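Student: let me see the structure of the following:
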Amino acid sequence: MWRGYAGPMSSPSAASSGASLSWLIRLRWITVAAQAATILGAVGILADELPLVPLFALVAIGALSNLFLAWRLRTGASATESLPGLMLGLDILLLTGLLYFSGGPSNPFTAIYLVHVTLAAVVMRGAWAWALGLLSTLGFGLLFFWHVPVDSLTHMAHHGGGFSLHLLGMWLAFAVTATLIAAFVGRVSEALRQRDAELAALRDLAARQARLASLTTLAAGVAHELGTPLGTIAVAAGEVQRAAERLGPDGEPLGQDAALIRQEAGRCRRILDQMAGPAGSGPGEQPEPFAWEDLASALRAVLGPTEQSRLDLSLPPGASGPVPREGLLRALRALLGNAFEATPPPGRVSLSAEAVGGGWRIRIRDQGVGMSPEVLARAGEPFFTTKPPGGGMGLGLFLARTFAEELGGTLTLDSAQDRGTTVDLAWPEAPHG
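Tutor: As a prediction, this is how the structure comes out:
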């Protein structure tokens with residue numbers, strides 16, 4: 001059975017939506033309190049000019065929607081990106097309603113629209129940010145035609161055409177400002193999101209490199225401590241085997257036991273060598289182009305006759321892009337070993353290579369039983385394997401993926417039960433290594 005790299009982690013977008021929702025809830029409570037305080041303060045200034053019932057009703061709608069939002073977050077319901085956008089859209093509509101009942105475009109608090117445009121650009125992305133900016137512009141424009149006038153807020157110096165021209169200028173200035181805010185803040189927010197995603201990827205890579213370094217240190221220590229005892233056991237078993245041969249038929253059972261001890265000691269030695277061997281490219285190995293025909297010959301040299309007869313190679317003519325040749329051979333040897341073990345005879349394993357998107361991709365496909373979603377999710381974790389005890393160490397895909405990442409490439413798996421497994425090893429034309 002295959003062993004390899006772990007599957008996807010929890011969705012970053014879901015976590016980001018949850019964080020935005022929590023932040024938005026706190027901000028909306030502040031907004032509700034500020035709106036209520038502003039209305040109460042305006043009552044003393046504007047006397048009986050404001051219709052208090054519809055104004056406080058709109059504030060109550062905002063408070064109730066925020067209670068729903070807080071309940072949804074507290075119950076652990078999934079936070080989708082559309083939910084903050086819908087809440088911001090509701091806030092824009094509520095602001096339009098508040099302005100409608102308090103003088104329309106003559107109300108100095110129309111500038112609050114720009115706050116909503118900025119919030120939309122920060123919290124949302126793409127079409128959502130532009131849609132909310134357009135909704136704010138539309139809401140402000142409609143107030144020019146429909147609103148409840150408040151005499152104390154009327155532009156006393158504007159009458160007739162002058163007043164219309166002034167309002168048109170206000171609306172155009174608002175539209176231009178909202179567009180610039182949405183574009184600029186949106187770009188900055190998207191750049192910050194990309195930076196956060198890159199930092200998260202780097203932290204994940206650093207954690208895997210730290211595990212690899214720990215594994216290498218452990219392997220070197222184990223190889224050093226067990227190398228001498230294993231050598232001694234092998235020498236002693238050889239002496240016992242030779243002594244058993246001198247005994248003739250009576251020593252045959254003893255000779256078989258000694259041969260088995262030597263065989264198992266040798267197997268332990270090979271495992272230690274594999275653990276202590278370099279992961280990825282060897283020290284000082286520089287990337288260089290090589291002929292695909294040479295790679296095919298090198299692969300056949302490390303495969304047994306049975307495996308060679310079951311391997312279908314499809315390699316392009318000419319040379320590859322620069323890549324550490326020995327590191328690539330080690331990675332492919334591990335991947336092919338997994339493929340042959342997963343594919344019962346006489347099933348075949350295919351290996352193909354092609355230039356893709358300015359880089360190279362090697363694809364290995366087997367005819368095995370495939371992996372369940374649970375196994376695929378853990379494939380690649382160090383020492384994770386579904387093989388029986390003694391059948392493998394669970395390092396093949398982990399080390400192969402480490403090699404791919406050293407080149408700035410990727411190792412991806414596509415597998416399902418009863419349809420086999422496909423592994424893609426890809427790297428750019430100019431690898432990092």
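Student: so which residues of this structure form strands?
Tutor: For the chain, applying DSSP state E gives strands covering 311-314, 349-356, 359-365, 410-415, 421-428.
Student: among those, show me which one is buried the most.
Tutor: Counting by mean count of other Cβ atoms under 10 Å, strand 421-428 has the highest mean neighbour count of the strands of the chain, with a mean of 21. Yep, even glycine has a C-beta here, placed from its N, CA and C like the rest.
Student: got a list of contacts for that strand?
Tutor: With contact meaning Cβ atoms under 8 Å, 6 or more residues apart in numbering, strand 421-428 is reached by 2, 4, 321, 323, 331-332, 335, 339, 342, 356, 358-366, 368, 370-371, 397, 400, 404, 407-415.
Student: export the strands of the chain to TSV and tack on distance to Leu230 and mean pLDDT?
Tutor: What follows is the strands of the chain, written out as TSV (distance: least, Cβ to Cβ, whole Å; pLDDT from 0 to 100):
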stretch	distance to Leu230	mean pLDDT
strand 311-314	33	88
strand 349-356	33	88
strand 359-365	33	89
strand 410-415	32	87
strand 421-428	33	88
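Student: nearest to Trp29, out of the ones you listed?
Tutor: strand 410-415 (44.0 Å; Cβ to Cβ).
Student: how about Val148, what does it touch?
Tutor: Pro51, Tyr100, Phe101, Ser102, Gly103, Gly104.
Student: state the phi and psi torsions of the third one.
Tutor: According to degrees, to the nearest 10, the main-chain angles of Phe101 amount to phi -90, psi 0.
Student: next one: the fourth one
Tutor: Main-chain dihedrals, Ser102, degrees, to the nearest 10: phi -140, psi 40.
Student: near it, how many other residues are there?
Tutor: By other Cβ atoms under 10 Å, 24 other residues sit near Ser102.
Student: test my guess that it contacts Leu55.
Tutor: Yes: Ser102 is within contact range of Leu55, at 6.9 Å (criterion: Cβ atoms under 8 Å).
Student: for Leu313, see how far away Asn107 is.
Tutor: With distances taken as Cβ to Cβ, to the nearest Å, Asn107 is found 75 Å from Leu313.
Student: check Pro249 too.
Tutor: 49 Å.
Student: could I get the strands of the chain as CSV with distance to Ala121?
Tutor: Output for the strands of the chain, formatted as CSV (distance: least, Cβ to Cβ, whole Å):
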stretch, distance to Ala121
strand 311-314, 49
strand 349-356, 36
strand 359-365, 35
strand 410-415, 32
strand 421-428, 33
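Student: what's the closest of these to Arg378?
Tutor: In terms of Cβ to Cβ, the element of these nearest to Arg378 is strand 410-415, at 11.2 Å.
Student: which strands border that closest one, and is each parallel or antiparallel?
Tutor: strand 421-428 (antiparallel) (DSSP bridges).
Student: hang on, the earlier thing: of all the strands of the chain, which lies closest to Leu142?
Tutor: Per Cβ to Cβ, nearest to Leu142 of these: strand 410-415, 50.6 Å.
Student: between the closest one and strand 359-365, how big is the angle?
Tutor: 30 degrees (axes from the mean of the first three to the mean of the last three Cα atoms, to 10 degrees).
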